[in-house]
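Asker: A structural model of the following input is requested.
(chains A and B)
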Amino acid sequence: ELKVEQNPLFLSMQEGKNYTIYCNYSTTSDRLYWYRQDPGKSLESLFVLLSNGAVKQEGRLMASLDTKARLSTLHITAAVHDLSATYFCAVESNFGNEKLTFGTGTRLTIIP
Amino acid sequence: EAGVTQFPSHSVIEKGQTVTLRCDPISGHDNLYWYRRVMGKEIKFLLHFVKESKQDESGMPNNRFLAERTGGTYSTLKVQPAELEDSGVYFCASSQDWGEGNEQFFGPGTRLTVL
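Answerer: Model prediction:
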């Protein structure tokens, strides 16, 4: 059974600082996703990582995937308040149209 | 283009009652998924439709849950009779059937409270 571990669960950081959220998974996977959720809102897709060594960046967020280590990271650079949200990683166990297994989520709070 | 929509946004019912949740996927998306997040836990897969057929229902917790997707368009998830542990947020997602369009797009969720 595929298991996904995400840490930390809670993260409180000051504006302007850098930090990393980690996502480990237990079996071989072809796809890893990062989502953002604001309170009461839908899950917004941030990144889709499809292969070993994939790195994607959008603004102050950068995601990477190491399939050999079964590890993905979401790096936040120079955090700003509007990045406060809950971030989820999710792993798709086989290529295409398969269920997602989610991590527990990281609730990120950026303090001015 | 309209996203995934879900109705209702909130539902409060008493134990033993029946509730039906509805999901309208993005037009043209053959794949439709149901997920659930109970309080303090991770988001868990319930089932997956391809058009009107159930591809994978391994996550359905028990036979009190019934999902349908007549005609391969919208889907309903009925809980009958509801129990306290069914409380949580139910998400629906949809995806296309080919290429890199397999990314799943999520609806806003239905928050179900069973009293």
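
Asker: didn't B:E103 look like it was pressed against A:F47?
Answerer: No: at 10.1 Å, B:E103 does not count as touching A:F47 under the criterion of CB atoms under 8 Å. The C-beta positions use only the backbone N, C-alpha and C, and glycine is treated the same way.

Asker: Now the common contact residues for those two.
Answerer: Each of A:Y33 lies in contact with both B:E103 and A:F47 under the rule CB atoms under 8 Å, 6 or more residues apart in numbering or on different chains.

Asker: what about these two, which has more around it?
Answerer: A:F47 (22 against 14; other CB atoms under 10 Å in any protein chain shown).

Asker: The more buried one: helix or strand, and which one exactly?
Answerer: strand A:43-49 (DSSP states H and E).

Asker: close to chain B, is that strand?
Answerer: Yes: judged by CB under 8 Å from any CB of the partner chain, strand A:43-49 and chain B are in contact via A:43-45, A:48.

Asker: what comes up buried for the helix or strand encompassing B:L21?
Answerer: Using DSSP H and E, the element containing B:L21 is strand B:19-24. For strand B:19-24, the neighbour count (16 or more other CB atoms under 10 Å in any protein chain shown) marks B:19, B:21, B:23-24 as buried.

Asker: cool, and stretch A:19-28?
Answerer: Result for stretch A:19-28 [16+ other CB under 10 Å]: buried residues A:19, A:21, A:23-25.

Asker: need the strands for the chain, in chain order.
Answerer: I'll assume chain A. A:4-7, A:10-14, A:19-25, A:31-37, A:43-49, A:55-58, A:61-66, A:71-76, A:85-92, A:100-102, A:106-111 (DSSP state E).

Asker: hmm, I had chain B in mind actually
Answerer: Under DSSP E, chain B gives strands at B:5-7, B:10-13, B:19-24, B:31-37, B:43-50, B:53-56, B:65-68, B:75-79, B:88-95, B:105-106, B:110-114.
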